[in-house]
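Dropping a prediction and its sequence here:
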Amino acid sequence: MDVVIIGAGVVGAACAYYATRSGLSVAVVDRGSVAGGTTGAGEGNLLVSDKEPGPELDLALLSTELWRDLRAVLPRAVEYEPKGGLVVAPDPATLKALRVFAEGQRAAGVIADEVGPDALHDLEPHLAPDLAGGFHYPQDAQVQPAQAAAHLLAASGATLYLHEEVTGLLVESGRVQGVRTSRRILRAPAVVNAAGTWAGALASLAGTTLPVLPRRGFVLVTEPLPRVVRHKVYAADYIADVASDSAALQSSAVVEGTPSGPVLIGATRERVGFDRTLSAEALRRLASQAAALFPVLADVKVIRTYHGFRPYLPDHLPAIGPDPRVPGLLHACGHEGAGIGLAPATGALIAAALTGTEPRLPLAPFRPDRFPRTPEPPGAGWDAVRH
């Protein structure tokens with residue numbers, strides 16, 4: 001075995017896919033099922049529209065290209081849909097800010113087309129009136145995230161060990177040489193930490209630190225409808241929420257239809273640890289904001305809600321690549337709410353690192369050791385985050 005990947009979410013699945021394509025033999029270990037964590041609680045966003053110029057946008061643009069290539073590999077069940085995004089502004093001042101934001105993105109390779117207030121309804125007939133305008137992002141897309149992870153793993157041919165908890169990393173002569181699970185020992189000269197929100201606890205098993213924190217988010221799912229929402233539509237304040245460091249509850253409407261009929265409504269963010277309590281306030285805010293954006297949804301039934309935990313790192317960039325503090329350990333985690341969109345590029349960069357080939361993007365901005373070492377807070381260990 002050449003590499004053990006810890007985590008069977010979409011990031012771990014993409015790492016497995018690109019590693020096996022590079023000729024490596026791969027095992028994937030997860031204490032639960034495929035997409036049983038953050039991936040299964042995601043909306044499937046593949047976004048460039050919410051990212052400012054810099055390393056994350058570069059990663060998103062590469063992933064956009066790779067997701068398009070993957071359409072030939074993945075069956076239609078993953079619901080890949082290049083629907084495009086529409087970011088709307090309620091007033092001229094916000095539209096001006098969006099215009100400046102888009103200008104910077106265009107310089108990095110993003111397609112961003114300004115849409116006047118009258119033309120908004122040509123794209124989305126059911127949008128609220130009196131919006132100041134917006135920007136259309138044709139590169140935005142969507143997938144069904146759990147299916148995408150499952151089919152990437154299947155296409156990889158990796159050996160899966162599901163419902164096996166990693167209880168330790170094998171470290172010999174100062175190098176990671178595999179993992180110990182609740183059932184077996186798997187030896188390999190490289191281990192990839194793709195454990196999502198629990199990646200910090202996994203890093204601690206190797207004697208190192210990674211300050212990954214959970215950021216809870218809720219999603220509403222409506223009854224099946226005719227296609228009343230054509231694009232991924234969100235209000236401009238969503239961009240600020242994504243970049244915020246606040247631990248308090250934040251919500252901004254992100255509304256999109258799905259091929260099967262239900263409308264998905266997000267997105268909230270708050271840092272409350274691994275508290276799974278249903279937040280009536282978060283759900284109320286989402287429903288109110290979605291109805292303000294699309295009045296046609298005001299009387300539509302919500303048939304269910306779900307929530308998950310985004311893996312948050314303090315500088316809003318994922319950790320990707322080898323950990324120089326622990327030879328043999330690589331990280332692919334900390335993507336917050338963008339992991340589904342950024343998974344292919346992450347997998348390709350990890351495969352390059354594993355094989356010693358030139359990566360398509362510089363790894364320096366994503367170095368796992370870029371954070372100052374801080375004492376582990378009480379209750380932050382692996383046992384504390386079991387569920």
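It's in.

Neighbours of the residue nearest to residue 273 when sequence neighbours are not counted, how many?
Nearest residue to residue 273, sequence neighbours excluded (C-beta to C-beta, 6 or more residues apart in numbering): residue 214, at 6.3 Å. Placement of C-beta: from N, CA and C, glycine included. Neighbouring residues of residue 214 were enumerated by other C-beta atoms under 10 Å; the total is 22.

Repeat that for the one 4 residues further on.
As a burial measure, the neighbour count of residue 218 was computed by other C-beta under 10 Å and equals 24.

again, but for residue 366
22.

Let me see the contact set for the residue lying closest to it once chain neighbours are set aside.
With sequence-adjacent residues excluded and distances taken as C-beta to C-beta, 6+ apart, residue 366 is closest to residue 320, at 3.9 Å. Going by C-beta atoms under 8 Å, 6 or more residues apart in numbering, residue 320 touches 331, 332, 346, 349, 350, 363, 366, 368.

about what we covered before: helix/strand/coil for the residue nearest to residue 273?
Put simply, residue 214 is strand when judged by DSSP: H, G, I helix; E, B strand; the rest coil.

quick one: the strands in the stretch 1-150 of the chain?
3-6, 26-30, 45-46, 85-89, 113-115, 133-137, 141-142 (DSSP state E, counting those that start in this stretch).

Pick the most deeply packed of these.
strand 3-6 (a mean of 28; mean count of other C-beta atoms under 10 Å).

contacts for that one?
12, 15-16, 19, 24-30, 158, 166, 178-179, 186, 188-195, 202, 354.

List buried members of the residues you listed by neighbour count.
Taking 16 or more other C-beta atoms under 10 Å as the criterion, what is buried in the contacts of strand 3-6 is 12, 15-16, 19, 24, 26-30, 158, 166, 178-179, 186, 188, 190-195, 202, 354.

Please report the distance of the residue lying farthest from the centre of the chain from residue 105.
Most distant residue from the mean C-alpha position of the chain: residue 173, 35.0 Å away (C-alpha atoms, centre = their mean). Separation of residue 173 from residue 105 (C-beta to C-beta, to the nearest Å) stands at 47 Å.

Equivalent analysis for residue 162, please.
Separation of residue 162 from residue 105 (C-beta to C-beta) stands at 39 Å.

Neighbour count for the two, which is higher?
Shown here are residue 162 and residue 105; by other C-beta under 10 Å, residue 105 has more neighbours (22 against 13).

For that one, which non-adjacent residue is spatially closest?
The nearest residue in space to residue 105 (C-beta to C-beta, 6+ apart) is residue 112, at 5.5 Å.

who touches that neighbour in this structure?
49, 102, 105, 106, 135, 136, 137.

JSON lines for those residues, including distance to residue 268 and pLDDT?
Listed next are these as JSON lines, based on distance: C-beta to C-beta, whole Å; pLDDT from 0 to 100:
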{"residue": "49", "distance to residue 268": "19", "pLDDT": "97"}
{"residue": "102", "distance to residue 268": "25", "pLDDT": "97"}
{"residue": "105", "distance to residue 268": "25", "pLDDT": "98"}
{"residue": "106", "distance to residue 268": "30", "pLDDT": "98"}
{"residue": "135", "distance to residue 268": "23", "pLDDT": "98"}
{"residue": "136", "distance to residue 268": "25", "pLDDT": "98"}
{"residue": "137", "distance to residue 268": "22", "pLDDT": "98"}
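
So which of those is the closest to residue 340?
residue 49 (14.7 Å; C-beta to C-beta).

coming back round to it: unless I'm mixing things up, the residue nearest to residue 273 is touching residue 309, no?
Yes - contact criterion C-beta atoms under 8 Å: residue 214 and residue 309 qualify, at 3.7 Å.
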